[in-house]
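Colleague: Got a predicted model here, sequence first, then my questions.
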Amino acid sequence: MSTITYQAPLDPEGMVQTPQRPWRHKPRSFTMAVALAVVIPAVISAALFFFSPIPGAIVLTVIYFPLQLVASGIAAWATRGVRGIADSIIIVNAIGSTVFSVVVLLSLLGSLVVRGLRALSPHFIYQNSVFINPSTPLEYGGIGHALVGTILIVAIASLIAVPIGIATAVYITEVRGKAVPYVRFFVQAMSGVPSVVAGLFILTIAVSTGWFSQNALAGGLAYAILMLPTVARTAEEVLKLIPDELRTGALALGSTRARTVMRVVLPAAKTGIITAILLGIARVIGETAPLLLAAGNNDGTVINPFGQAIASIPVYIFNNVAVPYPDAVARAWGAALALMILIAVLFTLARVLGRGRVGRAK
Amino acid sequence: MSTAEFEEVAMMESDLISARKQAPSELRAENVSVWFGKRKVLENVNIDFPKNTVTALIGPSGCGKSTFIRTLNRLHELIPSAALAGSVLYEGKDIYSSDVDPVHIRLQIGMVFQKPNPFPSMTIRGNVLSGLKLSGMKRDNHDDIVEHTLTAAGLWTEVKERLNHAAGDLSGGQQQRLVIARALAVQPSVLLMDEPCSALDPASTLKIEETIRQLSKEVTIVIVTHNMQQAVRVADNTAFFLAQEGEPGHIVEQGLTTDIFGQPQDQRTLDYVNGRFG
Ligand SMILES: Nc1ncnc2c1ncn2[C@@H]1O[C@H](COP(=O)(O)OP(=O)(O)O)[C@@H](O)[C@H]1O
Ligand SMILES: [Mg+2]
């Protein structure tokens, strides 16, 4: 038997091929069925929503969603037979749940923006609250002191909790010492500590004993207690994903354990480690109780972490939200919005720093 | 070349082979048995790796070749359930004696694994030089090392324009040649290779085999391979491993590669090298 070798088309003009995507072509009946399944439930629900007294939430959950399930099921059955029904149920549920959680999130952000925007202005960001009381109009005062306080306290907490947390994860996944089960149990137990207890703990051992006063350091310590287990457990999960071949590969090159961790394992896990740190910060940044107890409050700006009591955004919100003055409440919402923006900025910054493509590294 | 010259060269080569066979042993396993937990997977392995020879370890999968090769540079002990009896002598000294630092051993006895494992956080160049950094070895002329080792691994022309790209962007076969270059950069005196070519295309495989032949002038090489032709092409000596059903693996037969493939003493070796089982 002989083989067949490549022959260029004899008539290149007649055989010019253009790129096609045949898998995208669906029969018209299929497109029709999908369109009907999408439109009919939406139209019925919209009609009920606008022209009947039934509340929107009920229309959405009790009428629209089941209707959509049934309509999609019928469409799937008509076009693909019985096997299509299960598919359509899963798809409708997945899309429905996604839309639901996005709506919840957006409405939360929306209400924050709607109520907070009124207070937000440049001076609201950099001024402090000396001489400001709940009845002062929004033209005066701001959260500068509380922003400085929150950043200072979170920085102190990170400085303590991040190295210890990563070291704990390294002990569990890299050193794999005898105490691993106990350490893991301890970290797990620690993540169950309620935030108010962390605050109380610092208050009792440090503040009440007169060791140091309510200040940024005390607040940072209380935050660190809450941050540590989150950082440690997330970092542990991340390090577990690093394939063992990398460790063995480094050791086979004559690397020590320590160098393997520092130069191969941790760099390979860099983005994950950054995520661990971010989750740790996100865990604490809105916590109020520990700061009420350990850091106190202040209307003025405090820079010295070892000095006197210090303000923070959560405590600022707490103090302003339950006051019968609309401007104070607006300030609380403004502070909440500012906190969200701060978190967004922090997270974006960390992501950009963490990306640092190897390709460009020299 | 005249016939006389040719014969002379051929004579020199055969002299070389017998000289090799008698060369002082650099690495030697004595009665090595290995366990994972309670299960014994290797029994009484005795084998000699004379200086600057290439030894092929062949045998069906699961018979303990990878396990054995990992005992030779103390990677075996990284597995928590691992245990071992017997001794491995490197330059006459047992590498498992308590005063020996495994880091020191692994520096001299390098290894290339079956699955390419470049460090993803480093560039191509960074990977080649990683051994120097990780072992704290001080050497200048880094550019020369990079070019020389990548050339030896048959990768230089493909990557010389993008040495600062991420190693993870390379294809599987390229990654394997990269980790071979990485292993060469620290200039080990023994190089262990566990099926280094099983992920490579024929052209790269030939390139690596050429490199192995070239290296064997200065380096003692132990290579696990499932490719019989490869063993014939590169190895001075060959050892045939086998694990009978439910029994620990052991060396059935070892000797000059030409003898193992040409006139094996054991029927099972004959069957195996002729592709009749395994
Ligand atoms: N980490 C391990 N834990 C337990 N058993 C193992 C481990 N690695 C290998 N083994 C067992 O040891 C035997 C030899 O394996 P291996 O050395 O990988 O064989 P080969 O490389 O010859 O294919 C196999 O039976 C395998 O199941
Ligand atoms: Mg193997």
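Modeller: Looks like it came in fine. Since the structure is predicted, the reported quantities are computational estimates derived from the model, not experimental observations. Ligands and ions are numbered 1, 2, ... in the order given.
Colleague: So what's the gap between stretch A:225-235 and the chain middle?
Modeller: 15 Å (C-alpha atoms, centre = their mean, to the nearest Å).
Colleague: Can you list the buried residues in that stretch?
Modeller: Within stretch A:225-235, the residues scored as buried using 16 or more other C-beta atoms under 10 Å in any protein chain shown are A:Ile225, A:Leu226, A:Met227, A:Leu228, A:Pro229, A:Thr230, A:Val231, A:Ala232, A:Arg233, A:Thr234, A:Ala235. Any C-beta I mention is one placed from the backbone N, CA and C, and that applies to glycine too.
Colleague: Out of the residues you listed, which sit inside helices?
Modeller: A:Ile225, A:Leu226, A:Met227, A:Leu228, A:Pro229, A:Thr230, A:Val231, A:Ala232, A:Arg233, A:Thr234, A:Ala235 (DSSP state H).
Colleague: What is the burial count for the nearest residue to the first one once chain neighbours are set aside?
Modeller: With sequence-adjacent residues excluded and distances taken as C-beta to C-beta, 6 or more residues apart in numbering or on different chains, A:Ile225 is closest to A:Ala198, at 4.2 Å. When neighbours are defined as other C-beta atoms under 10 Å in any protein chain shown, A:Ala198 has 24 of them.
Colleague: A:Ala198 contacts A:Leu226, doesn't it?
Modeller: Yes. Using C-beta atoms under 8 Å, A:Ala198 makes contact with A:Leu226 at a distance of 5.3 Å.
Colleague: Show me the common contact partners of the two, please.
Modeller: Common contacts of A:Ala198 and A:Leu226 (C-beta atoms under 8 Å, 6 or more residues apart in numbering or on different chains): A:Pro290.
Colleague: Could I get the contacting residues of A:Leu221?
Modeller: By C-beta under 8 Å, 6+ apart, the neighbours of A:Leu221 are A:Ile156, A:Ala157, A:Ile160, A:Ile202, A:Ala206, A:Ala294.
Colleague: Number of residues surrounding the third one?
Modeller: Spelled out, it's A:Ile160. 18.
Colleague: SS state for B:Leu84?
Modeller: strand (DSSP: H, G, I helix; E, B strand; the rest coil).
Colleague: And the closest residue to B:Ser189 other than its chain neighbours, its phi and psi?
Modeller: Excluding the flanking residues, the one nearest B:Ser189 by C-beta to C-beta, 6+ apart is B:Gln108, at 5.3 Å. For B:Gln108, the backbone dihedrals are phi -80, psi -30 (criterion: degrees, to the nearest 10).
Colleague: so which pair among the contacts of A:Leu221 is furthest apart in space?
Modeller: Using C-beta to C-beta, the two most remote members of the contacts of A:Leu221 are A:Ala157 and A:Ala206, lying 14.4 Å apart.
Colleague: Next, the contact list for A:Ile132, please.
Modeller: A:Tyr140, A:Gly141, A:Asp299.
Colleague: element containing the residue nearest to A:Ile225?
Modeller: Per DSSP states H and E, A:Ala198 falls inside helix A:195-202.
Colleague: Counting neighbours, which bits of that helix end up buried?
Modeller: A:Ser195, A:Val197, A:Ala198, A:Gly199, A:Leu200, A:Phe201, A:Ile202.
Colleague: JSON lines please, covering those residues and showing pLDDT and distance to ligand 1.
Modeller: What follows is the buried residues of helix A:195-202, written out as JSON lines (pLDDT from 0 to 100; distance: C-beta to the nearest ligand atom, whole Å):
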{"residue": "A:Ser195", "pLDDT": "95", "distance to ligand 1": "43"}
{"residue": "A:Val197", "pLDDT": "96", "distance to ligand 1": "43"}
{"residue": "A:Ala198", "pLDDT": "95", "distance to ligand 1": "42"}
{"residue": "A:Gly199", "pLDDT": "95", "distance to ligand 1": "47"}
{"residue": "A:Leu200", "pLDDT": "95", "distance to ligand 1": "48"}
{"residue": "A:Phe201", "pLDDT": "95", "distance to ligand 1": "44"}
{"residue": "A:Ile202", "pLDDT": "94", "distance to ligand 1": "46"}
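Colleague: May I see the buried residues of the helix or strand containing A:Phe100?
Modeller: Secondary-structure assignment from DSSP H and E places A:Phe100 in helix A:82-116. Across helix A:82-116, burial judged by 16+ other C-beta under 10 Å covers A:Gly84, A:Ile85, A:Ser88, A:Val92, A:Leu112, A:Arg115, A:Gly116.
Colleague: Run the chain-centre distance for that helix.
Modeller: The answer for helix A:82-116 is 17 Å, by C-alpha atoms, centre = their mean.
Colleague: What's the first helix or strand after that helix?
Modeller: By DSSP H and E, the next helix or strand past helix A:82-116 is helix A:122-126.
Colleague: Tell me the helices and strands packed up against that next one.
Modeller: In terms of contacts (3 or more C-beta pairs under 8 Å, 6 or more residues apart in numbering or on different chains; DSSP states H and E), helix A:122-126 is packed against helix A:144-170, helix A:326-355.
Colleague: what's the burial count for B:Ser198?
Modeller: B:Ser198 sits with 14 neighbouring residues when counted by other C-beta under 10 Å.
Colleague: And B:Asp169, by the same measure?
Modeller: Count around B:Asp169 with other C-beta under 10 Å applied: 14.
Colleague: pLDDT below threshold where in the stretch 1-150 of chain B?
Modeller: Filtered on pLDDT under 70, the stretch 1-150 of chain B yields the residue ranges B:1-24.
Colleague: Tell me where it has helices.
Modeller: With helices called from DSSP state H, counting those that start in this stretch, the stretch 1-150 of chain B shows them at B:3-22, B:65-71, B:102-108, B:124-135, B:142-152.
Colleague: Next, the contact list for A:Ser72, please.
Modeller: Counting by C-beta under 8 Å, 6+ apart, A:Ser72 has contacts A:Ala37, A:Ser88, A:Ile89, A:Ile91, A:Val92.
Colleague: Can you tell me which of these comes closest to chain B?
Modeller: Among those, A:Ile91 lies closest to chain B (C-beta to the nearest C-beta), at 33.9 Å.
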